[in-house]
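> Coordinates for the following, if possible.
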Amino acid sequence: MEIKVIKTEEEYKKALKRLEEIFHVPADSAEGDEAELLSILIEKYENEFYPIEAPDPIEAIKFRMEQMNMTKKELTDIIGYKSRVSEIFNRKRKLTLKMIRNLHDKMKIPYDSLMTDY
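Numbers count the residues shown, from 1 in each chain. Model prediction:
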């Protein structure tokens, strides 16, 4: 396959099909190099035409809670009162700076995920 910048949906689909064909080849082969280049070009195309938005702070917290098998009750130790957790999850109250710091320190949620608008 001729490797070139992916500019159209048709070229994108063709590149995906080719990558699927050579996905499991040895990395130190010519086809391995082709697979690596295709994956870079495909990623560039997807970032431009199929961007994935970062989750809002509430979704980031819920996702991290799920990863940590954490309950809402356990989250109260980080955020504060049980009612405060409900207000935040229902988007009736914004996160405070102290909450953001606690969530970052105790749950390792990146600051930029916690400080976006929602």
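
> Quick check: phi and psi on the nearest residue to residue 112 once chain neighbours are set aside?
Of all residues not flanking residue 112 in the chain, residue 54 sits nearest, at 7.7 Å (CB to CB, 6 or more residues apart in numbering). Yep, even glycine has a C-beta here, placed from its N, CA and C like the rest. Backbone torsions of residue 54, given as degrees, to the nearest 10, read phi -70, psi 150.

> didn't residue 54 look like it was pressed against residue 113?
Yes - counting by CB atoms under 8 Å, residue 54 does reach residue 113; the two are 6.4 Å apart.

> Check the residue nearest to residue 112 and give its pLDDT.
On the pLDDT scale, residue 54 is placed at 79.

> same deal with the one 5 residues further on?
Confidence per residue is given as pLDDT, and for residue 59 that number is 95.

> Would you mind measuring from the residue nearest to residue 112 to residue 117?
Distance, residue 54 to residue 117, using CB to CB, to the nearest Å: 11 Å.

> which one of those two has more residues nearby?
Neighbour tally, residue 54 and residue 117, criterion other CB atoms under 10 Å: the higher count belongs to residue 54, 12 against 6.

> who's in contact with the more buried one?
Neighbour list for residue 54: 60, 112-113, 116 [criterion: CB atoms under 8 Å, 6 or more residues apart in numbering].

> returning to that earlier point: identify the contacts common to residue 54 and residue 113.
Here residue 54 and residue 113 have residue 60 as joint contacts, going by CB under 8 Å, 6+ apart.

> Quick check, pLDDT for residue 41.
pLDDT at residue 41 comes out at 97.

> Then the one 3 residues further on?
Here, the pLDDT recorded for residue 44 equals 96.

> Kindly report the same for residue 51.
For residue 51, the predicted pLDDT is 91.
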